[in-house]
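Colleague: sequence plus predicted model, see below.
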Amino acid sequence: MNQLITIKTSKFDVSKEDENPNNQIYGQSLLVWLRESLKEKFEFSEVDSEDWGWYCFVSFYGRKYMLGATAFFEDGEDPKQDIEWAFQVDKERTWKEILLLQEKMTASDQCFQFFKEFFRGQHEMKVLSTAENA
């Protein structure tokens, strides 16, 4: 299970994102911005596309997490207006951890808590909700 943070912001112009070759879904700019903003603190992979949006990996204090982003924006809408975003955090686990039901991703996970507080600290972003996503 991953943890989901829903935010609203006009910080990013999704019309300037690369085209997602899998599906016409936006979300790249949030992850590119995070990668640039936090590059001194964490190691990030390149941002890539998936049929549900965009993702990258982050090494967070010795653990690997997948970060995903999707912008709820459709062509024709004004990209300078507030856009709602879904940001997900999913912890990679070893097969042993999965089989023994260890190190599950929860709302109290340090990586999830870090990004939730990071977004809350951005004056141009509003955290709308957090939730567990199956």
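Modeller: Okay, I see it. Residues are numbered from 1 along each chain as shown.
Colleague: quick one, strands of this structure?
Modeller: Applying DSSP state E to the chain gives strands spanning 2-9, 43-44, 48-50, 53-60, 63-72, 83-91, 125-133.
Colleague: looking at those strands, which is buried most?
Modeller: Ranked by mean neighbour count, the strands of the chain are led by strand 83-91 with a mean of 22 (mean count of other C-beta atoms under 10 Å). In this view, the C-beta of every residue, glycine as well, is placed from N, C-alpha and C.
Colleague: rewinding a little: got the strands of the chain as a markdown table, with mean pLDDT columns?
Modeller: Putting the strands of the chain into a markdown table (pLDDT from 0 to 100) gives the following:
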| stretch | mean pLDDT |
| --- | --- |
| strand 2-9 | 93 |
| strand 43-44 | 98 |
| strand 48-50 | 96 |
| strand 53-60 | 97 |
| strand 63-72 | 96 |
| strand 83-91 | 96 |
| strand 125-133 | 83 |
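Colleague: switch these over to JSON lines; also include distance to Glu17.
Modeller: Formatted as JSON lines, the strands of the chain follow (distance: least, C-beta to C-beta, whole Å):
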{"stretch": "strand 2-9", "distance to Glu17": "15"}
{"stretch": "strand 43-44", "distance to Glu17": "17"}
{"stretch": "strand 48-50", "distance to Glu17": "10"}
{"stretch": "strand 53-60", "distance to Glu17": "8"}
{"stretch": "strand 63-72", "distance to Glu17": "8"}
{"stretch": "strand 83-91", "distance to Glu17": "12"}
{"stretch": "strand 125-133", "distance to Glu17": "18"}
